[in-house]
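> got a predicted model here, sequence first, then my questions.
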Amino acid sequence: MGELDRDVAVVEVRSVREAVAAALRHPVLRALVLSGFGTIALLLATLGVDGVVSEAVVARTREMGIRLALGARRSQVIWLVVRRGLLLTAIGVALGLLVAFVAGRALTALLYGVEPTAPRVTAVVSVLFVVLAALASYLPARRAARVSPVQALRTE
């Protein structure tokens, strides 16, 4: 190793590990913040699905009562509501994947060390959202299946 020049001022001495940690501090912080926003967006979307399905169940309470009065099983009523919620979710996920693919291609220059489509992450988030949407659809469906047919036919 060569000798140090005595005329050059040494401002900050640190190890390579410390220098790398300092260089990565801001990207890691950005990733954490974006992950937090993504999680909040996922929860808000799940609440949105729950709200839409709940509103649809309230609007169709009379129909649910008629189905139950005519002999439909509660599980059939639950599946009817959950299937509708999953259909809407599948359409939303498909459109979201299309937009994410286009946006990922457009933002390729800004993504360092990340694939524009990130297939594993995209698949995990899509499956997670479908599972959360199924749960968000199941809760109002269960309430709809508990409605007394007589009470549902009297209301309106």
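Arrived safely.

> only C-alpha atoms for contact and neighbour calcs from this point on.
Noted.

> centre of the chain to stretch 56-65, how far?
27 Å (C-alpha atoms, centre = their mean, to the nearest Å).

> end to end, how far does it reach?
14 Å (C-alpha to C-alpha, to the nearest Å).

> what mean pLDDT does that stretch have?
Stretch 56-65 shows an average pLDDT of 84 in the prediction.

> now do stretch 38-48
88.

> just for the protein, where's the confidence low?
Judged by pLDDT under 70, the chain has its weakly predicted residues at 1-4, 111-114, 116, 155-156.

> which residue is nearest the centroid of it?
L42 (3.1 Å; C-alpha atoms, centre = their mean).

> pull the distance from the strand or helix carrying it to the chain's centre.
Element membership for L42 (DSSP states H and E) is helix 16-59. On the basis of C-alpha atoms, centre = their mean, helix 16-59 sits 8 Å off its chain's mean C-alpha point.

> make 15 the starting number, not 1.
Noted, 15 is the first residue going forward, which turns the last one into helix 30-73.

> return the list of helices and strands in contact with it.
helix 88-120, helix 133-159 (3 or more C-alpha pairs under 8 Å, 6 or more residues apart in numbering; DSSP states H and E).

> most tightly surrounded among those helices?
Scoring the helices and strands packed on helix 30-73 by mean neighbour count under mean count of other C-alpha atoms under 10 Å gives helix 133-159 as the most buried, with a mean of 18.

> so the helix holding L56 versus helix 88-120, what angle?
Using axes from the mean of the first three to the mean of the last three C-alpha atoms, to 10 degrees, the inter-axis angle of helix 30-73 relative to helix 88-120 is 140 degrees.

> angle of helix 30-73 against helix 133-159?
Using the same axes, to 10 degrees, helix 30-73 lies at 30 degrees relative to helix 133-159.

> after helix 30-73, next one along is what?
Assigned by DSSP H and E, the successor of helix 30-73 is helix 75-83.

> if we can go back for a sec, please name the residues that touch the residue nearest to the centre of the chain.
F143 (C-alpha atoms under 8 Å, 6 or more residues apart in numbering).
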